[in-house]
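> how does the following fold in three dimensions:
(chains A, B, C and D)
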There are 2 protein chains.
Amino acid sequence: MQNSEALALAATLLAAAGDLTQRINDGVVARGFEARPAWGFAFARLAPDGATVTELAGHLGVTKQAASQLVDEIVRKGYAERRPHPADARARLVVLTERGWACTRAAEEAAAEAVRAWVDVLGEGEVRALRERLGRIAPYGPIRPAW
Amino acid sequence: MQNSEALALAATLLAAAGDLTQRINDGVVARGFEARPAWGFAFARLAPDGATVTELAGHLGVTKQAASQLVDEIVRKGYAERRPHPADARARLVVLTERGWACTRAAEEAAAEAVRAWVDVLGEGEVRALRERLGRIAPYGPIRPAW
DNA sequence: AAATATAGTCAAGCTGCTTGACCATTTACG
DNA sequence: CGTAAATGGTCAAGCAGCTTGACTATATTT
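Presented below is the predicted three-dimensional model:
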């Protein structure tokens, strides 16, 4: 593979990721929520059982101060709340409110809608294959802006 | 495809794009250049015959003021220079210097190196297929941070 | 029980972007 | 043609989201 091809692959990957992120966020906003792109991925981490600020920071690939600010914001807007952590008095468990769950579902719907456009082009099998391949490359890296 | 899968696909795509971008930038820095991730993609646009600030802005998906600032920076650091545009006295053609070309080649090498890790996991054919599929999804969108 | 590590917050600062205003040139049109 | 509108570029100011640094409170280690 030529060097220039590798850079083109990177560019295409970034373009696809940016496009998808934009579409998801647009879809979430269209469903009546006031959200930033990062929120969807924060919510995905909070969804099952909540998370601490530090865990969230790791997931998003930012400092805990930045994660704390993000939590401030989603708490202020009513998507989550801070509770005392059941097992550690230093920590606080951030959990989604009902509104937070609704927004999470909206993000999932919007993502499905955006991906559907891909399925129309590539077919379901190819999209699955795409996901499977990407999963083998970047299994569990932090979810953060590309630069 | 379930909604939650679609969001997971988005997350994986972002993780892969972020990982690759990081690796490329690290590689460029390791080769002795002082560069930001966006520069590589700016250089790729400038490489063949130069470009105007406005064209660059479109390519990167930012305002022309932001593109102009980026050009200021790469000019100050000796990677490019502004020349009068041959056909339009309002415009200025931004072209790479020799140092700019060297940095571009370094970015391509670093990208190839990063992609090589993917080839080791997936095999050459799969990586090509990946690129081909992504190309059909996001043919020529702006190259910009995911959020 | 003393030392060290960890969860979280407050405060200040920086970077890269945006919006708004403006000038110079080019293009469109009456 | 000549004038109005569009376009390329820059300057200036402001801002959002992040970082580093400092600090408190609780937990863990020795």
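
> any weak-confidence spans in chain A?
In the predicted model of chain A, residues A:1, A:139-147 satisfy pLDDT under 70.

> ok, the spatially most central residue of it - contacts?
The structure's chain A has its C-alpha centroid closest to residue A:41; by Cα atoms, centre = their mean the separation is 2.0 Å. Residues near residue A:41 by Cβ atoms under 8 Å, 6 or more residues apart in numbering or on different chains: A:59, A:60, A:143, B:11, B:14. Just so you know, the C-beta spots here come from the backbone N, C-alpha and C atoms, and that holds for glycine as well.

> ok so it is a helix residue?
Yes. Assessed by DSSP: H, G, I helix; E, B strand; the rest coil, residue A:41 belongs to a helix.

> show me what from chain A comes close to DNA strand C.
By the rule Cβ under 7 Å from any atom of the strand, the part of chain A lying against DNA strand C is A:52-55, A:64-65, A:68, A:71, A:82, A:85, A:88, A:90-93.

> most surrounded residue in those residues?
residue A:71 (24 neighbours; other Cβ atoms under 10 Å in any protein chain shown).

> that's a helix at that residue, yeah?
Yes. Under three-state DSSP, residue A:71 sits within a helix.

> could you find the closest non-adjacent residue to it?
Once flanking residues are discounted, residue A:71 sits nearest to residue A:94: 5.4 Å by Cβ to Cβ, 6 or more residues apart in numbering or on different chains.

> phi, psi of that neighbour?
Main-chain dihedrals, residue A:94, degrees, to the nearest 10: phi -90, psi 120.

> what's the lengthiest helix in chain A packed up against?
When chain A is parsed with DSSP state H, its longest helix is helix A:3-30. Packed against helix A:3-30 by the contact rule (3 or more Cβ pairs under 8 Å, 6 or more residues apart in numbering or on different chains; DSSP states H and E) you find helix A:37-46, helix A:98-122, helix B:3-30, helix B:37-46, helix B:98-122, helix B:124-137.

> these into JSON lines, with extra columns for distance to residue A:2?
Shown next, in JSON lines, are the helices and strands packed on helix A:3-30 (distance: least, Cβ to Cβ, whole Å):
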{"stretch": "helix A:37-46", "distance to residue A:2": "33"}
{"stretch": "helix A:98-122", "distance to residue A:2": "24"}
{"stretch": "helix B:3-30", "distance to residue A:2": "15"}
{"stretch": "helix B:37-46", "distance to residue A:2": "14"}
{"stretch": "helix B:98-122", "distance to residue A:2": "8"}
{"stretch": "helix B:124-137", "distance to residue A:2": "11"}
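
> nearest to DNA strand D, out of these?
Smallest distance to DNA strand D across the helices and strands packed on helix A:3-30 (Cβ to the nearest atom of the strand): 5.4 Å, for helix A:37-46.

> right, is the closest one up against DNA strand D?
Yes. Helix A:37-46 is in contact with DNA strand D by Cβ under 7 Å from any atom of the strand, via residue A:38.

> can you give the distance of that helix from its chain's centre?
4 Å (Cα atoms, centre = their mean, to the nearest Å).

> how about the following helix or strand past it, does it reach chain B?
Once the chain leaves helix A:37-46, the next helix or strand it forms, by DSSP states H and E, is helix A:53-60. No. Counting by Cβ under 8 Å from any Cβ of the partner chain, chain B has no neighbours in helix A:53-60; the shortest distance is 9.8 Å.

> put the alpha carbons of stretch A:72-89 into PDB.
Presented in PDB, the C-alpha positions along stretch A:72-89 are these (Å, rounded to 0.1, in the frame of the first residue of the first chain):
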ATOM      1  CA  ASP A  72     -22.200  20.100  35.700                       C
ATOM      2  CA  GLU A  73     -23.800  21.000  32.400                       C
ATOM      3  CA  ILE A  74     -25.900  17.900  31.900                       C
ATOM      4  CA  VAL A  75     -27.000  18.100  35.600                       C
ATOM      5  CA  ARG A  76     -28.000  21.700  35.100                       C
ATOM      6  CA  LYS A  77     -30.000  20.800  32.100                       C
ATOM      7  CA  GLY A  78     -31.700  18.000  33.900                       C
ATOM      8  CA  TYR A  79     -30.200  15.000  32.100                       C
ATOM      9  CA  ALA A  80     -28.400  13.500  35.100                       C
ATOM     10  CA  GLU A  81     -27.900  13.900  38.800                       C
ATOM     11  CA  ARG A  82     -25.100  13.300  41.200                       C
ATOM     12  CA  ARG A  83     -25.700  10.900  44.000                       C
ATOM     13  CA  PRO A  84     -23.500   9.800  46.900                       C
ATOM     14  CA  HIS A  85     -21.500   6.800  45.900                       C
ATOM     15  CA  PRO A  86     -22.700   3.700  47.800                       C
ATOM     16  CA  ALA A  87     -19.300   2.300  48.500                       C
ATOM     17  CA  ASP A  88     -16.900   5.300  48.500                       C
ATOM     18  CA  ALA A  89     -17.600   8.500  50.400                       C
END
